[in-house]
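[1] Build the 3D model from these lines:
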Amino acid sequence: MSGSSFGSIFRITTWGESHGPGIGVVIDGCPAGIPISEDDIQSFLDRRKPGQSKYTTKRNESDSAEILSGVFEGKTTGTPISLIVRNEDQRSRDYGNIASLFRPGHADYPFTEKYGFRDYRGGGRSSGRETIGRVAGGAVASLLLKELGIRVQAYTKSIGPYSVPEEDYHMSEITENPLYMPNNHTAANAGEYISSLMAECDSCGGIIECVAEGLPAGLGEPVFDKLDALLAHAVMSIGAVKGVEIGDGFCASRSTGSKNNDPFFSQDGVVLKKTNHAGGILGGMSDGSRLVLRAAVKPTASIAQTQPTVNIDHENTEIKVLGRHDPVIVPRAVVVVESMTALTLADLLLRNMSARLENVKKVYC
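    You can find the predicted model right below:
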């Protein structure tokens with residue numbers, strides 16, 4: 001299987017399966033000298049792990065991170081950083097009834113067509129547990145960004161029909177509710193909606209918003225490796241994400257040039273914008289303003305309703321998915337979107353160092 005690596009200089013390779021011994025990541029290209037501990041990684045993984053609330057799967061995993069290499073005396077060494085999280089609560093028996101069936105909304109059918117067989121125990125590499133490696137890598141990338149004064153934060157913008165308008169954001173409330181929404185009142189309403197779907201053995205989706213503050217202007221490569229193109233690649237590679245937008249996104253298609261353009265002005269010698277419809281990216285490069293990205297997350301595919309499907313012999317039949325599954329993926333995916341954004345920015349920051357000769361001379365002259 002190819003395609004398990006992401007990034008150019010700051011590069012991660014994830015490995016492992018949902019019901020194997022463990023999940024991990026190898027991070028290559030991380031600069032030496034960054035202060036780091038397993039607690040730094042754990043704080044990210046704790047936001048992704050199961051069993052956080054009644055709205056998440058009851059799979060009992062501590063998701064404890066273990067650093068195997070690349071760190072000495074509390075700092076990165078510049079060598080590959082290897083991290084592992086061991087699986088502790090696999091219940092492969094829950095998947096015995098689907099070994100010969102294709103689950104609707106899952107990768108079972110195309111995976112089988114591509115490779116000739118599949119690991120049916122939780123989806124193998126197609127499982128959401130694969131994102132553990134991404135989150136661990138994103139935690140390290142975020143430490144690099146922090147050293148440069150850059151902050152990335154993601155949160156739940158909406159669950160089903162319940163959305164938080166920007167004027168009602170209370171960022172301090174994100175960690176006060178299990179849905180990671182910046183408004184406790186909306187989160188409570190969304191929670192009741194999820195509970196009603198759970199009673200019907202159904203699920204829902206939502207939108208995750210991610211912002212980055214402190215980016216310099218000029219980050220991103222102007223042709224194929226545009227900042228927005230790489231962000232879309234990074235976030236769309238998350239299994240449940242079905243759409244990505246930057247700034248006004250699809251709403252820009254209904255606007256006009258006079259309204260959608262962000263007028264520039266100069267203040268104390270600094271170039272600023274009066275608005276930010278572009279979401280912090282112009283011509284594939286950061287413009288120095290706040291980066292705003294949104295990811296549309298589909299409803300959880302594993303639901304306990306009986307659904308029509310086919311088996312591996314292409315015969316019509318029915319399926320009822322058993323096991324422990326999230327009624328909504330969005331809350332646990334928040335940190336995954338944040339991590340993939342951080343990884344993209346960290347990589348492009350390192351690539352950007354060679355954009356000017358004067359930058360190269362600062363290192364070697």
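[2] show me where this structure has helices.
    Listed in chain order, the helices of the chain (DSSP state H) span 38-48, 108-115, 131-147, 184-199, 227-236, 257-260, 330-352, 357-364.
[3] for the second one, the distance to its chain's centre please.
    When you say that, I think you mean helix 108-115. Chain-centre distance of helix 108-115: 24 Å, with Cα atoms, centre = their mean, to the nearest Å.
[4] Quick one: closest of the helices of the chain to residue 303.
    With Cβ to Cβ as the criterion, residue 303 lies closest to helix 184-199 of the helices of the chain, at 9.0 Å. In this view, the C-beta of every residue, glycine as well, is placed from N, C-alpha and C.
[5] before we move on, back to that, got JSON lines for the helices of the chain, with mean neighbour count, distance to residue 213 and mean pLDDT too?
    Output for those, formatted as JSON lines (neighbours: other Cβ atoms under 10 Å; distance: least, Cβ to Cβ, whole Å; pLDDT from 0 to 100):
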{"stretch": "helix 38-48", "mean neighbour count": "19", "distance to residue 213": "18", "mean pLDDT": "94"}
{"stretch": "helix 108-115", "mean neighbour count": "14", "distance to residue 213": "39", "mean pLDDT": "88"}
{"stretch": "helix 131-147", "mean neighbour count": "25", "distance to residue 213": "10", "mean pLDDT": "97"}
{"stretch": "helix 184-199", "mean neighbour count": "17", "distance to residue 213": "23", "mean pLDDT": "96"}
{"stretch": "helix 227-236", "mean neighbour count": "21", "distance to residue 213": "15", "mean pLDDT": "98"}
{"stretch": "helix 257-260", "mean neighbour count": "10", "distance to residue 213": "23", "mean pLDDT": "96"}
{"stretch": "helix 330-352", "mean neighbour count": "26", "distance to residue 213": "11", "mean pLDDT": "97"}
{"stretch": "helix 357-364", "mean neighbour count": "9", "distance to residue 213": "23", "mean pLDDT": "93"}
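[6] Which one of these lies nearest to residue 275?
    Across the helices of the chain, closest to residue 275 is helix 257-260 (Cβ to Cβ), at 8.9 Å.
[7] Nearest to residue 286, out of the helices of the chain?
    Minimum separation from residue 286 across the helices of the chain (Cβ to Cβ) falls at helix 227-236, 5.7 Å.
[8] Restricting to C-alpha, output that closest one in PDB.
    C-alpha atoms of helix 227-236 as PDB (Å, rounded to 0.1, in the frame of the first residue of the first chain):
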ATOM      1  CA  LEU A 227      -1.500  26.600   0.600                       C
ATOM      2  CA  ASP A 228      -5.200  26.100   0.100                       C
ATOM      3  CA  ALA A 229      -4.600  23.100  -2.300                       C
ATOM      4  CA  LEU A 230      -2.300  21.400   0.300                       C
ATOM      5  CA  LEU A 231      -4.800  22.100   3.100                       C
ATOM      6  CA  ALA A 232      -7.600  20.600   1.000                       C
ATOM      7  CA  HIS A 233      -5.400  17.500   0.400                       C
ATOM      8  CA  ALA A 234      -4.600  17.200   4.000                       C
ATOM      9  CA  VAL A 235      -8.100  17.600   5.400                       C
ATOM     10  CA  MET A 236      -9.800  15.700   2.600                       C
END
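[9] and it, what does it pack onto?
    Helices and strands touching helix 227-236, by 3 or more Cβ pairs under 8 Å, 6 or more residues apart in numbering; DSSP states H and E, are strand 241-246, strand 291-297, helix 330-352.
[10] okay, the angle between it and strand 291-297?
    Counting by axes from the mean of the first three to the mean of the last three Cα atoms, to 10 degrees, helix 227-236 lies at 30 degrees to strand 291-297.
[11] quick one on the thing from earlier: let me know which of the helices of the chain is the nearest to residue 164.
    Among those, helix 184-199 comes nearest to residue 164, with 4.9 Å by Cβ to Cβ.
[12] sorry, back to before: now the helices of the chain in JSON lines, with distance to residue 121?
    As requested, these are arranged in JSON lines below (distance: least, Cβ to Cβ, whole Å):
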{"stretch": "helix 38-48", "distance to residue 121": "20"}
{"stretch": "helix 108-115", "distance to residue 121": "12"}
{"stretch": "helix 131-147", "distance to residue 121": "16"}
{"stretch": "helix 184-199", "distance to residue 121": "24"}
{"stretch": "helix 227-236", "distance to residue 121": "26"}
{"stretch": "helix 257-260", "distance to residue 121": "48"}
{"stretch": "helix 330-352", "distance to residue 121": "20"}
{"stretch": "helix 357-364", "distance to residue 121": "48"}
